[in-house]
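# Give me coordinates for this.
(one chain, ligands or ions: 1)
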Amino acid sequence: MQIGGCKIEITRKRIKHLYLRMKEPGCVQVSAPKHWPGGYIQSILEARSDWIKEQQQKLLQRQLATPRFQSYEDHAEVFFEGQSYRLNAVLKSAFPHLGVVTLCHKKKTLTLSLSDPSNLDARKKQLDKWLRAQLKERIAQLLEHWQPIMEVVASDFGVRKMKTRWGSCNIRTHKIWLNFDLISKAPESLEYVVVHELTHLYERYHNKRFYSLMDHYLPDWRKRKHRLNS
Ligand SMILES: [Zn+2]
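Below is the predicted model of the structure:
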């Protein structure tokens, strides 16, 4: 079964209502009550085809906004906190005063210090590790700042690569996940995502209440969101 160019996967469950989810563009996951006839489910899905198309568009846009490929060659462009840097690598023993990664804001270079600077895998490993640590540090600072203001507490947070989302929040465990690519984005975009996920600790859904909380805590969140996705 297909609707709006999307594959439909139906799972029958002991539930009373029908639930729709789209995690990946092109695939709609449906949970439906066990006893509902297939034709009835199909008619509901057809009635929701506008929503399905809209979700599909949203997910595709978000995917396109995320850089898909990072080169580790010399002079490759690396984005860090919304700024563009040129990558290079030097021999660690020849530059003992350098840290694992050195940013030069003036020359806009990002220098990796390695025992084998020509090894692209080693470059990737070192850069990703450093970016992840930088992102974690910034998230920790943002949580420290925002949790007392919003009077909510995330039980924990993690960073991972995500294809379609900037962040997510586990309502049950209160754990927040943030997209690794956020370190390439402007600091105010990261702050927007952190506040967005913390707001989910009050309100699970993107409804009126959710947006009025966002307006209250971060009045310019729409501008930040736009910048993040453009
Ligand atoms: Zn959300």
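
# Can you check my assumption that Q147 lies in a strand?
No. Counting by DSSP: H, G, I helix; E, B strand; the rest coil, Q147 is not part of a strand but helix.

# Excluding chain neighbours, what is closest to it?
Excluding its sequence neighbours, the residue lying closest to Q147 (CB to CB, 6 or more residues apart in numbering) is V153, at 5.3 Å. No exception for glycine: its C-beta is placed from N, CA and C like everyone else's.

# quick one: that neighbour and I176 touch, right?
No. Look at V153 against I176 with CB atoms under 8 Å: they stay out of range, at 10.5 Å.

# Who has more neighbours out of these two?
More crowded of V153 and I176, by other CB atoms under 10 Å: I176, with 24 against 11.

# Next one: that one from H216, what distance?
Here I176 is placed at a distance of 19 Å from H216 (CB to CB, to the nearest Å).

# Mind telling me which residue is nearest the centre of the protein?
Centroid check for the chain by CA atoms, centre = their mean gives W166 as the closest residue, at 1.9 Å.

# check contacts around that one.
62, 178-179, 181-182, 193, 196, 228 (CB atoms under 8 Å, 6 or more residues apart in numbering).

# which residues sit against the worst-scoring helix or strand of the chain on mean pLDDT?
When each helix and strand of the chain is scored by mean pLDDT, DSSP states H and E, helix 49-65 comes last, with a mean of 78. Around helix 49-65, the neighbours that count as contacts under CB under 8 Å, 6+ apart are 3-6, 20, 22, 24-26, 28, 45, 163-166, 228-230.

# Pull up the pairing partners for the helix or strand just after that helix, direction included.
Note on helix 49-65: by DSSP states H and E, the next helix or strand toward the C-terminus is strand 77-80. Taking DSSP bridges as the criterion, strand 77-80 forms sheet pairs with strand 83-91 (antiparallel).

# And the partner strand, what's buried?
For strand 83-91, the neighbour count (16 or more other CB atoms under 10 Å) marks 85, 87-89 as buried.

# So V195 sits against P219, correct?
No. Contact status for V195 versus P219: not in contact, 11.0 Å apart, counting by CB under 8 Å.
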